[in-house]
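Chemist: Below is the sequence, then the predicted model.
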Amino acid sequence: MPDSSQPQRLLDLLQHTWGYSAFRGEQQAVIEALVAGRDCLVLMPTGGGKSLCYQLPALARPGCAIVVSPLIALMQDQVEALQQLGVRAAFLNSSLSAEAAREVTRHLRKGELDLLYVAPERLLSQTFLEQLDEVRIALFAIDEAHCVSQWGHDFRPEYRQLDVLHRRWPEVPRIALTATADLPTRTEIIERLNLESAEVFLSSFDRPNICYRAEVKRTGLNQLFDFLAGHRDEAGIVYCLSRREVDRTADELCARGIRALPYHAGMDSQLRAEHQRRFLREEGLVMVATIAFGMGIDKPDVRFVAHMNLPKSIEGYYQETGRAGRDGEPAEAWLCYSLADVVNLSRMIDESEASEARKWAERRRLDALLGLVETTQCRRQLLLASFGESYPQPCGNCDNCLEPPETWDATREAQQALSCVYRSGQRFGSAHLIDILRGGNTAKIRDFGHDRLSTYGIGAQHDANTWRSVFRQLLAAGLLQSTGDGIAGLRLTQASRQVLRGEQSVYLRRDRLRSRGKQPATER
Ligand code: ADP
Ligand code: ZN
């Protein structure tokens, strides 16, 4: 006898329509709340199974569910997958002909749809809103809800107008979903979409099978080859900052017998689509790409994600590395960065058209990321902490846990570096400062008379790499900051005074020279 209780009914739908045996994580709780008519905010990592949280309630509640999604390219895939399951789903966006769109609207008005995916601008059009007035709406799902956040990388102005849904149809439950976990974004979603009374479902963002590693860039490419040597014939993604670097890196990899394909927005769109298709279908391909690649890519067996530059934020880093190991098998996230990356990113922020408030927020994001790559502690703990999640023990699956970094007492070097910044006027970048410290004989030093400074040549016992490491870590520790005028200059902070006065010691990590197989402690 079929059990008519609600949980059983939902489970039956899951098993009969989707063919899954059980709900995952928070799915059941979310689905029950939504079916009961309550608003929900779902924060779940990519691959966590967010779609089911609104797709199943769409069938369990009378009427048609309206799903707002900014990703036109993905709508079609989702709709096709649902149709295969026998669900009456359709989409409305600018890719449809007027004829096809009218057909979809006709089905909607006749009550012949369970789910309708719409692009936000389409949903917000007066005509469509009026059409919806005639229709029984099961629920509103707002996918990629972080698009409402002005601070995020995917800001969509139309998302801000989605509060109209609540005002116009207060009785229809809404579910907002995102894989973006940071606290400011979460708060902004709640405010902007009037979700103050929504139930919040927060899943853990931990990806235990991903091993996180970061190292300082020396030769870049050779370090990448060393890393890839541990991933022969495995599928993975290598992220580069610019199109030119993508092309160059892909060429170099191919020249060394690694099957690599480039992917960036400057390529012919057909070739790009071809590369994406090959990456998804063939085994063991390496995709070398700008961050334009990856949104919505569902390939379970990506074994590694490598970053050749510093990403812009922890959030971006988490999203990009999250494309590895969707199948739960061990995967690696490897990052290689330099002081130049920090300088470049700071400059991009300084020179952008954004408001001062936004620039400030961007700088804090960059600082947080720098803290993550320079930390000597467990990276997973720090990563999750930035999402407001606490992880009780060091994870045992990041480079810092596996090969604890060596630290050294750099108090004297920190004082020398800081006083060099001070004496040269708090406006020069690290390259020139290092020249001063090491007693270089450059035109710039002579022009500015910097060979007469008391800090000239006092750091000659260290090579330039060591000094770069010192400057990078002082920046990461907040003992130095960018002058913020677009020329990569450095200046002191409040905290640097204590070091200069000898009231605080500074311990820095020794840079890893090679990530794999070697104990950094024995490298020097
Ligand atoms: P997200 O949108 O959170 O990135 P998806 O909704 O695309 O995640 O789901 C990720 C994968 O997990 C999909 O392949 C989906 O079919 C699968 N999945 C979701 N829920 C379940 C479940 N309860 N049992 C088995 N597989 C599931
Ligand atoms: Zn760890």
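Modeler: That came through, no problem. Ligands and ions are numbered 1, 2, ... in the order given.
Chemist: Just the CA trace of stretch 406-418, in CSV.
Modeler: Extracted as CSV, the C-alpha positions of stretch 406-418 are listed here (Å, rounded to 0.1, in the frame of the first residue of the first chain):
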residue,chain,number,x,y,z
GLU,A,406,59.6,26.0,7.9
THR,A,407,59.5,29.5,9.4
TRP,A,408,62.3,31.8,10.2
ASP,A,409,62.8,34.8,12.5
ALA,A,410,62.6,37.6,10.1
THR,A,411,62.2,40.4,12.6
ARG,A,412,65.4,42.2,11.5
GLU,A,413,64.7,41.8,7.8
ALA,A,414,61.2,43.1,8.4
GLN,A,415,62.5,46.1,10.2
GLN,A,416,65.0,46.7,7.4
ALA,A,417,62.3,46.4,4.7
LEU,A,418,59.9,48.7,6.6
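Chemist: That stretch: how far from the chain's middle?
Modeler: Distance, stretch centre to chain centre, for stretch 406-418: 32 Å (Cα atoms, centre = their mean, to the nearest Å).
Chemist: Same check on stretch 249-262?
Modeler: 25 Å.
Chemist: Between the two ends of it, how far is it?
Modeler: Here the two ends of stretch 249-262 are set 8 Å apart, with distance taken as Cα to Cα, to the nearest Å.
Chemist: Name the residues of it that are buried.
Modeler: Along stretch 249-262, these residues count as buried under the neighbour rule (16 or more other Cβ atoms under 10 Å): Thr249, Ala250, Glu252, Leu253, Ile258, Ala260, Leu261, Pro262. Every C-beta, even on glycine, is put in place using the N, C-alpha and C of the backbone.
Chemist: Also stretch 381-400?
Modeler: Across stretch 381-400, burial judged by 16+ other Cβ under 10 Å covers Gln381, Leu382, Leu383, Leu384, Ala385, Ser386, Phe387, Cys395, Asn397, Cys398, Asp399, Asn400.
Chemist: and what of stretch 211-222?
Modeler: Along stretch 211-222, these residues count as buried under the neighbour rule (16+ other Cβ under 10 Å): Cys211, Tyr212, Arg213, Ala214, Glu215, Val216, Lys217, Gly220, Leu221.
Chemist: Name the member of the residues you listed with the shortest distance to ligand 1.
Modeler: Of all these, Tyr212 has the smallest distance to ligand 1: 20.1 Å, by Cβ to the nearest ligand atom.
Chemist: which residues does the closest one bridge with?
Modeler: Tyr212 forms beta bridges with Ala333, Cys398, as assigned by DSSP bridges.
Chemist: That one touches Cys378, doesn't it?
Modeler: No - in terms of Cβ atoms under 8 Å, Tyr212 does not count as a neighbour of Cys378; the distance is 9.2 Å.
Chemist: Pull up the overlap in contacts between these two.
Modeler: Counting by Cβ atoms under 8 Å, 6 or more residues apart in numbering, the common neighbours of Tyr212 and Cys378 are Cys398.
Chemist: where does this structure have low pLDDT?
Modeler: 1-4, 152, 296, 484-487, 512-524 (pLDDT under 70).
Chemist: Near ligand 1, which residues of this structure are found?
Modeler: Among all residues of the chain, those adjacent to ligand 1 (criterion: Cβ under 6 Å from any ligand atom) are Tyr20, Phe23, Arg24, Gln27, Met44, Thr46, Gly47, Gly48, Gly49, Lys50, Ser51, Leu52.
Chemist: among the residues you listed, which are in helices?
Modeler: Of the residues of the chain next to ligand 1, the ones assigned to helices by DSSP state H are Gln27, Lys50, Ser51, Leu52.
Chemist: Isn't the second one up against Cys40?
Modeler: This means Lys50. No - taking Cβ under 8 Å as the contact criterion, Lys50 and Cys40 are not neighbours in contact, 10.9 Å apart.
Chemist: what residue is smack in the middle of this structure?
Modeler: Central residue check for the chain by Cα atoms, centre = their mean: the C-alpha nearest the mean position is that of Gly316, 1.9 Å away.
Chemist: Three-state assignment for that one, please.
Modeler: Here Gly316 is helix, with the state taken from DSSP: H, G, I helix; E, B strand; the rest coil.
Chemist: I'd assumed His153 was in contact with it.
Modeler: Yes - counting by Cβ under 8 Å, His153 is a contact partner of Gly316 at 6.2 Å.
Chemist: Tabulate the buried residues of stretch 381-400 (a markdown table), appending secondary structure.
Modeler: Written out in a markdown table, the entries for those read as follows (three-state DSSP):
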| residue | secondary structure |
| --- | --- |
| Gln381 | helix |
| Leu382 | helix |
| Leu383 | helix |
| Leu384 | helix |
| Ala385 | helix |
| Ser386 | coil |
| Phe387 | coil |
| Cys395 | coil |
| Asn397 | coil |
| Cys398 | strand |
| Asp399 | helix |
| Asn400 | helix |
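Chemist: if I pick Ser390, what's in contact with it?
Modeler: Under the criterion of Cβ under 8 Å, 6+ apart, the contact list for Ser390 reads Gln381, Leu384.
Chemist: For the lengthiest helix in the chain, which outside residues touch it?
Modeler: Using DSSP H to assign secondary structure, the helix with the most residues in the chain is helix 356-374. Helix 356-374 is contacted from outside by 150-151, 184, 214, 310-315, 317, 335, 337, 342, 345-346, 349-350, 352, 354, 379, 382-383, 386, 472-473, 475-478, 482, 484, 509, using Cβ under 8 Å, 6+ apart.
Chemist: Buried among the ones in helices among the residues of the chain next to ligand 1? Make that a PyMOL selection.
Modeler: The PyMOL command for the buried members of these (criterion: 16+ other Cβ under 10 Å) is given here:
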select buried, resi 27+50+52
